[in-house]
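# The following block contains a protein sequence and its predicted model.
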Amino acid sequence: MAVTSSAPISITDLVTEFGGSTPHALTEYYRGGSLVPNVTANNSVPTSGAISLTDFFGATNTVTWTTVVTVGVVTGLFTQSGFSSGIFGSLSDSTVDFLSGTPTVSRIEFASLGTTPVFFKINGSGNSGWTTIKIGSLTLNRTDATSFSSGLWSWTGQSNPFGSAGSETTVVLTQ
């Protein structure tokens with residue numbers, strides 16, 4: 001969710017969003033510590049020194065990675081659309097910063113095969129570290145993937161979440 005964006009705010013709001021141990025103190029909520037992720041949404045939260053409740057307006061425990069796919073389309077025995085590294089389409093950012101080792105995305109695509117799958121591949125990533133991927137208006141849960149192998153997830157029975165060639169589609173990966 002996120003901490004409230006305006007007054008009133010209390011330590012309970014921080015505990016609800018980030019957890020923590022009682023008795024609670026603001027100093028357990030420094031950005032980049034064990035409770036508050038060091039992400040852009042939390043830039044107003046200090047990493048050390050003076051800290052106040054108002055530093056937490058809008059802070060969140062939800063970590064996301066967002067990229068924009070410039071849609072490419074390849075037609076052969078079947079049509080593929082989206083992004084596949086070095087083959088078609090492009091990404092505005094291919095490095096998933098919140099996963100260890102900062103792995104890169106090499107594939108986010110839809111294939112018009114008999115089972116109409118959506119594919120998502122992260123090089124150097126296991127089958128964990130994220131929960132959902134939203135491609136345009138299509139939201140897919142990692143745990144609902146019909147298959148997983150070497151960083152490649154696939155979901156069958158989907159509609160094409162990408163627009164036409166050259167259009168842009170926003171992709172959001174949530175931890």
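Structure received. Numbers count the residues shown, from 1 in each chain.
# Would you state the strands of the protein in chain order?
Along the chain, the stretches classed as strands by DSSP state E are 64-70, 72-75, 79-84, 90-91, 104-111, 118-123, 132-135, 138-141, 147-149, 152-155, 168-174.
# OK, contacts around the nearest residue to Ser44 once chain neighbours are set aside?
With CB to CB, 6 or more residues apart in numbering as the criterion, Ser44 has its nearest non-adjacent residue at 5.3 Å, and that residue is Asp55. C-betas here are computed from N, CA, C, even on glycine. Contact analysis of Asp55 by CB atoms under 8 Å, 6 or more residues apart in numbering lists Ser44, Val45, Pro46.
# Now do the same contact list for the residue lying closest to the second one once chain neighbours are set aside.
Going back to what we said before, that points to Val45. Sequence neighbours aside, Arg31 is the residue nearest to Val45 in space, at 4.0 Å (criterion: CB to CB, 6+ apart). When contacts are counted by CB under 8 Å, 6+ apart, Arg31 touches Pro37, Asn38, Asn42, Asn43, Val45, Pro46, Thr47.
# make it 6 Å
Residues near Arg31 by CB atoms under 6 Å, 6 or more residues apart in numbering: Asn38, Asn42, Val45, Thr47.
# So it versus Pro8, what's the distance?
Distance from Arg31 to Pro8, counting by CB to CB, to the nearest Å: 22 Å.
# and the lowest-mean-pLDDT helix or strand in the chain, how far from the chain's centre?
The helix or strand of the chain with the poorest confidence is strand 147-149; it has a mean of 90 (mean pLDDT, DSSP states H and E). Strand 147-149 sits 19 Å away from the centroid of its parent chain (CA atoms, centre = their mean, to the nearest Å).
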